[in-house]
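Colleague: would you be able to build a 3D model of this:
(one chain, ligands or ions: 2)
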Amino acid sequence: MVKVNHALSIFNEPDVFRKIAKLRKYSTEILEQDQANTLDSGFMPARDAEMVHPKFHPAKPGFSTALGQARMLHDLASIELQAMELGLRTLTEFADAPLAFKEELLQITLSESVHLEMCLMEIEKLGSKWGDWPVHQSLFRATSEKDSLLDRILIVHRYLEGSGLDAGDTLFRRLALIDCASVKKAVQQITTDEIGHVEFGSRWYRKICDLNKIDPNIDFSERMDKLMVQLPQRLEPVAVDLRRLAGFSEEEIIYLQELRLRKLGPQQQPAR
Ligand SMILES: [Fe+2]
Ligand SMILES: [Fe+2]
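Modeller: Ligands and ions are numbered 1, 2, ... in the order given. A predicted model of the protein is given here:
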């Protein structure tokens, strides 16, 4: 009997609503997949919105307008969509990972589908729709078929989702000045859930290090240094309290703060 590759059928589904429905429909089959399926080099999931490099995206209107809020949520939806697909990517490429890891990751992947759906609904309430702006896939591009499981956990949950906590913190402070209760509620819900996603990454990063007899306190900076070439730059200030809640050690937080200062360059560093 030919086995159906449910993960691939989800990646290749362009319609965002059908993609969510398929993930939910086939979640048990995805969890029970026993053979790893590595994606081809350079593989990118299908989209029903125009794909454009972020450098060429149109200027963002201010948050005080409905259009500006919808645009922010559209950018966020594109991130949630990639987070959902990144969870699926790990589940299918590391089908031989510990079952407890996969079970937790499946719940996170489904939670990304809820975040995505929330953003899509809020965008429509504001009078816009998915596809009104271009999207990018720079988060998905940060992963590779050559990643080890430790690389993948560090990239997706501790770096990309961790950076999302930093960005969410800044975003929430900007939204505080604006009268948009429904949007704020959605962003607050997403940020709260994301702390759990990053904490999952911190906890499993250490567990997988232990299983491989690797010292996580030495490995973190070494692996981050190695992976930086494939990761998008993140320049938001490190949200120290949220990072602590998400399982980052003080040494790891200092590493991230220094990394940011190195990327900002000497002119923009605060005076000492
Ligand atoms: Fe999310
Ligand atoms: Fe997440």
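
Colleague: please count neighbours and contacts with C-alpha atoms only from this point.
Modeller: Noted.

Colleague: so residue 248 sits against residue 202, correct?
Modeller: Yes. Contact criterion CA atoms under 8 Å: residue 248 and residue 202 qualify, at 6.7 Å.

Colleague: phi, psi of the closest residue to residue 190 other than its chain neighbours?
Modeller: In this structure, residue 190 finds its nearest non-sequential neighbour in residue 115, 6.3 Å apart by CA to CA, 6 or more residues apart in numbering. When read as degrees, to the nearest 10, the backbone of residue 115 gives phi -60, psi -50.

Colleague: surely residue 115 meets residue 82?
Modeller: No. Residue 115 sits out of contact with residue 82 when judged by CA under 8 Å, with a separation of 11.3 Å.

Colleague: between those two, who's got more neighbours?
Modeller: Taking other CA atoms under 10 Å, residue 115 and residue 82 do not tie; residue 115 has more neighbours (26 against 22).

Colleague: buried ones in stretch 186-196, by neighbour count?
Modeller: Within stretch 186-196, the residues scored as buried using 16 or more other CA atoms under 10 Å are 186, 187, 188, 190, 191, 194, 195, 196.

Colleague: now render the residues you listed as CSV, adding distance to ligand 1, pLDDT and secondary structure.
Modeller: Listed next are those as CSV, based on distance: CA to the ion, whole Å; pLDDT from 0 to 100; DSSP: H, G, I helix; E, B strand; the rest coil:
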residue, distance to ligand 1, pLDDT, secondary structure
186, 11, 94, helix
187, 10, 92, helix
188, 11, 92, helix
190, 6, 95, helix
191, 8, 92, helix
194, 6, 96, helix
195, 10, 97, helix
196, 10, 98, helix
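
Colleague: between these, which is nearest residue 94?
Modeller: residue 196 (21.0 Å; CA to CA).

Colleague: centroid residue for this structure?
Modeller: By CA atoms, centre = their mean, the chain has its centre lying nearest to residue 83, at 3.9 Å.

Colleague: the stretch 101-250 of the chain: helices as residue ranges?
Modeller: Taking DSSP state H, counting those that start in this stretch, the helices of the stretch 101-250 of the chain run over residues 138-141, 149-152, 161-175, 181-211, 216-227, 240-245, 250-264.

Colleague: from the chain's centre, how far out does the third one sit?
Modeller: It stands for helix 161-175. 13 Å (CA atoms, centre = their mean, to the nearest Å).

Colleague: give me the number of neighbouring residues for the residue of the stretch 51-200 of the chain found nearest ligand 1.
Modeller: Nearest to ligand 1 in the stretch 51-200 of the chain, going by CA to the ion, is residue 112, at a distance of 4.4 Å. By other CA under 10 Å, the residues close to residue 112 number 27.

Colleague: likewise residue 59?
Modeller: 8.
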